[in-house]
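Asks: let's see this in three dimensions:
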Amino acid sequence: MEPDCQKFALVVPTLNEAANIEPVLEKVVVALSGSSVGWEILVVDDDSSDGTPNVVKRFAEFEPRVRLLVRTGQRGLAGAITYGWAHTDADLLGVIDADLQHPPELLPTLITKVADGCDIAIASRYVQPHSIDGWNPLRAAISRASLLASKPVQNPSLAVKDPMSGYFVLRRKCISGVDFQPTGFKLLLEILARGHVGSVMEVPFKFAPRRQGKSKANLMTAVHYLSLLWRLTFKSD
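Replies: Purely as a prediction, here's the structure:
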């Protein structure tokens, strides 16, 4: 284990995830309990109206390594993630969804990949076949089209199959000194395009169906994604 990997901070962004957040936290704590690095979990909530912060507060009473950060008057998955990362001194950073679609059991593997030398370890939906079987055909088509649209802005030397994954671990140095678009869902793509990234590892996983609550994806998600592609294509800030 390298010296700069002695603390890991995982951000869990939430917006009206009261039905999911407790089981997510339980699974994440179990997954990290055997880790050789120090760790903390930061739940960054965008002022949920369904009581999500109260659920997190109750959980944190028994697990002090869980912290709640509430943003008011702000929205945006990417902004919530970077907000959480800015509120920790950890050198090893990560993010996982709060809807149980990402398996927390994969965290030790992602951490180990980075600890062993790579800059970013990505939980990838496209490394192996059939990982998105069961998706709505329209959703699968949109995902594939979005992936194709990202090709021109990707760093060809990194050859990432799932640059829009929302589940990954990275070294803080990858984002040092870079201001990222606060809106939208595709922070990883921007990190890969604009961050200080020399090496990437992808770990396959099967994307689970959402159990409770509603997806936050909507028309504005597409607008923010197109805005990001524009910025990355023309290198505008």
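
Asks: tell me how far stretch 63-70 lies from the chain's centre.
Replies: The chain centre lies 17 Å from the centre of stretch 63-70; the measure is Cα atoms, centre = their mean, to the nearest Å.

Asks: just stretch 119-127 next, same as before
Replies: Distance, centroid of stretch 119-127 to centroid of chain: 11 Å (Cα atoms, centre = their mean).

Asks: what's in contact with that stretch?
Replies: 102-103, 106, 109-111, 113-114, 131-132, 143, 147, 160-162, 165, 167-171, 173-174, 188, 191-192, 196-207 (Cβ atoms under 8 Å, 6 or more residues apart in numbering). C-beta coordinates here come from the backbone N, C-alpha and C atoms, glycine included.

Asks: out of those, which are buried?
Replies: Among the contacts of stretch 119-127, the ones that count as buried by 16 or more other Cβ atoms under 10 Å are 102-103, 106, 110-111, 113-114, 131, 143, 147, 160, 162, 165, 167-171, 174, 188, 191-192, 197, 200-203, 205, 207.

Asks: can you give me the strands in this protein?
Replies: 7-14, 38-45, 66-70, 92-95, 120-124, 168-171, 200-204 (DSSP state E).

Asks: dump those strands into JSON lines; add distance to residue 154 as well.
Replies: Output for the strands of the chain, formatted as JSON lines (distance: least, Cβ to Cβ, whole Å):
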{"stretch": "strand 7-14", "distance to residue 154": "23"}
{"stretch": "strand 38-45", "distance to residue 154": "27"}
{"stretch": "strand 66-70", "distance to residue 154": "31"}
{"stretch": "strand 92-95", "distance to residue 154": "19"}
{"stretch": "strand 120-124", "distance to residue 154": "13"}
{"stretch": "strand 168-171", "distance to residue 154": "15"}
{"stretch": "strand 200-204", "distance to residue 154": "11"}
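
Asks: now those as CSV including mean pLDDT and distance to residue 55?
Replies: Compiled in CSV, those are given as follows (pLDDT from 0 to 100; distance: least, Cβ to Cβ, whole Å):
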stretch, mean pLDDT, distance to residue 55
strand 7-14, 97, 9
strand 38-45, 97, 9
strand 66-70, 98, 10
strand 92-95, 98, 19
strand 120-124, 96, 24
strand 168-171, 97, 25
strand 200-204, 95, 29
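
Asks: great, nothing more from me.
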